[in-house]
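Novice: My questions are about this predicted structure, shown below with the sequence.
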Amino acid sequence: MGLTGKMERQIELKSGGDLLHEIFKSKPHHVSGITPAKVQGCSLIQGEWGKNGSIICWNYTHDGKEKTAKQVIEVFDGEKKTIVFRIIEGDLLQLYKTFIILLHEETKGGKNWATWAFDYEKLGPDVEDPVSLLDYLTDVVKDIDAHHSK
């Protein structure tokens, strides 16, 4: 089996079609207030919220461990409601040579959908695919959706 991989998951949303795009574009620091057990903080390191090239740092708990992820925002596409993050520092890079996360929101069939997609390269053949991270981010989206559907 190769060291590169891709995976994605689609989640149906009860809330409006632009919710996640807006939160992760200009208010990611609000995520910790919505789901504090999963996300403890998000800070802007360089640039501006919602701007390509900006660098943000997440503090989060995954698989019972406190972790960090520093990422550069490669793409904010408001028209396509797509955001692409490249991990540049943090715990994920102890397992993966490269790790890119895409978040896309769309409406189809009268329903709103969020899609998380990963594109990654493992550091070695013994590294597992990031299924638990995909589960984690799915749960974060569900928490945000439930919070805004009240």
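Specialist: Arrived safely, thanks for sending.
Novice: For the lowest-mean-pLDDT helix or strand in the chain, buried residues please.
Specialist: Within the chain, confidence by mean pLDDT, DSSP states H and E is lowest for helix 19-26 among all helices and strands, at a mean of 86. Buried residues in helix 19-26, counted by 16 or more other C-beta atoms under 10 Å: 19-21, 23-25. For every residue, glycine as well, the C-beta is placed using N, CA and C.
Novice: Can you lay out those as a markdown table showing distance to residue 8?
Specialist: Below are these laid out as a markdown table (distance: C-beta to C-beta, whole Å):
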| residue | distance to residue 8 |
| --- | --- |
| 19 | 19 |
| 20 | 15 |
| 21 | 17 |
| 23 | 20 |
| 24 | 16 |
| 25 | 20 |
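Novice: now, among these, which is nearest to residue 96?
Specialist: Nearest to residue 96 out of those is residue 24 (C-beta to C-beta; 20.7 Å).
Novice: For the closest residue to the closest one other than its chain neighbours, list each beta-bridge partner.
Specialist: Closest residue in space to residue 24, ignoring its immediate chain neighbours: residue 83 at 5.4 Å, by C-beta to C-beta, 6 or more residues apart in numbering. Per DSSP bridges, the residues bridged to residue 83 are residue 76, residue 103.
Novice: thinking again about what came up before, what packs against the least confident helix or strand of the chain?
Specialist: Identification of packing neighbours for helix 19-26 by 3 or more C-beta pairs under 8 Å, 6 or more residues apart in numbering; DSSP states H and E yields strand 82-90, strand 96-108, helix 131-149.
Novice: right, and those - which one's nearest residue 14?
Specialist: Ranking those by distance to residue 14, with C-beta to C-beta as the measure, places helix 131-149 first at 4.3 Å.
Novice: Lovely, talk soon.
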